[in-house]
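**Q** I would like to see how this sequence folds:
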Amino acid sequence: MDQKDILKEIGQIRSMMEKSSKFMSISGLSGVLIGCLALVGATAAYFVVYGTDSAFGYRDYYVLDTQVIWKLIIIALLVLAISVTVGISMAKAKAKKAGQTIWNPTSKALAKAMAIPLVTGGLFAILLVSKGEYGLIASTLLIFYGLALAAASVFTFREVRVLGVLEIALGLLALAFPGYGVVFWALGFGVLHIVYGLIVHKKYEKR
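**A** Take a look at the predicted model:
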């Protein structure tokens with residue numbers, strides 16, 4: 001066995017070790033579907049705020065109105081619930097196809113890495129709502145979601161880190177340009193997820 005064969009075997013062993021230590025059951029197509037759901041939710045939120053008859057882009061309602069706030073919260077929770085269900089279901093199907101289980105030491109480590117930023121961001125958003133600081137909610141959730149993705153990227157696709165960094169950048173932009181929260185949400189949770197999902201599907205799943 002010459003040096004080239006040895007290096008090739010070492011590379012194969014290293015690749016196998018990396019795959020065994022990473023959670024690869026995240027479906028790229030689920031990212032696309034979740035992104036589409038986010039765009040549907042953002043569209044619904046837009047019409048809740050701006051209505052259907054507003055002229056020149058003026059709002060029909062104020063976001064400070066209690067009824068509007070609750071409608072936006074319900075839309076967000078519905079999109080979140082459906083997205084989580086879609087993501088878990090498609091991850092289970094992908095893991096089953098590969099003869100694996102979705103709940104293993106690697107996925108547990110991934111969940112733990114995401115938990116602190118997500119829980120912190122959620123609690124911070126609740127405090128913002130209680131204080132009436134609604135203009136900061138969009139940026140807050142984008143930033144903490146991006147931090148969660150960056151932390152979890154160690155245990156899954158490297159593209160997740162890039163997605164996380166872009167989410168953080170959009171969150172900072174949403175903070176710099178208040179009043180466009182729905183637009184930044186659509187870009188972050190919608191468009192970026194669709195692009196990420198297509199890349200992952202083409203690179204790791206399409207044969």
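**Q** Regarding this protein, what is its longest helix?
**A** Secondary structure of the chain read by DSSP state H shows that its longest helix is helix 66-97.
**Q** quick check, distance from that one to the centre of its chain.
**A** 11 Å (Cα atoms, centre = their mean, to the nearest Å).
**Q** what packs against it?
**A** Where contact means 3 or more Cβ pairs under 8 Å, 6 or more residues apart in numbering; DSSP states H and E, helix 66-97 is packed against helix 28-50. Bear in mind the C-beta positions are built from the backbone N, C-alpha and C, glycine included.
**Q** would you put the C-alpha positions of the helix it packs on in CSV?
**A** Only the C-alpha atoms of helix 28-50 are listed here, as CSV (Å, rounded to 0.1, in the frame of the first residue of the first chain):
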residue,chain,number,x,y,z
GLY,A,28,-33.5,20.3,3.0
LEU,A,29,-37.0,20.2,1.6
SER,A,30,-38.4,20.8,5.1
GLY,A,31,-36.4,24.1,5.1
VAL,A,32,-38.1,25.0,1.8
LEU,A,33,-41.5,24.2,3.2
ILE,A,34,-40.9,26.1,6.4
GLY,A,35,-39.7,29.1,4.4
CYS,A,36,-42.9,29.0,2.4
LEU,A,37,-45.0,28.8,5.6
ALA,A,38,-43.1,31.8,7.0
LEU,A,39,-43.9,33.8,3.8
VAL,A,40,-47.6,32.9,4.1
GLY,A,41,-47.5,34.0,7.8
ALA,A,42,-45.7,37.2,6.9
THR,A,43,-48.3,38.0,4.2
ALA,A,44,-51.1,37.4,6.7
ALA,A,45,-49.4,39.7,9.2
TYR,A,46,-48.9,42.3,6.5
PHE,A,47,-52.7,42.4,5.8
VAL,A,48,-53.5,42.4,9.5
VAL,A,49,-51.5,45.6,9.9
TYR,A,50,-52.0,47.3,6.6
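**Q** Please consider this matter closed, and thank you.
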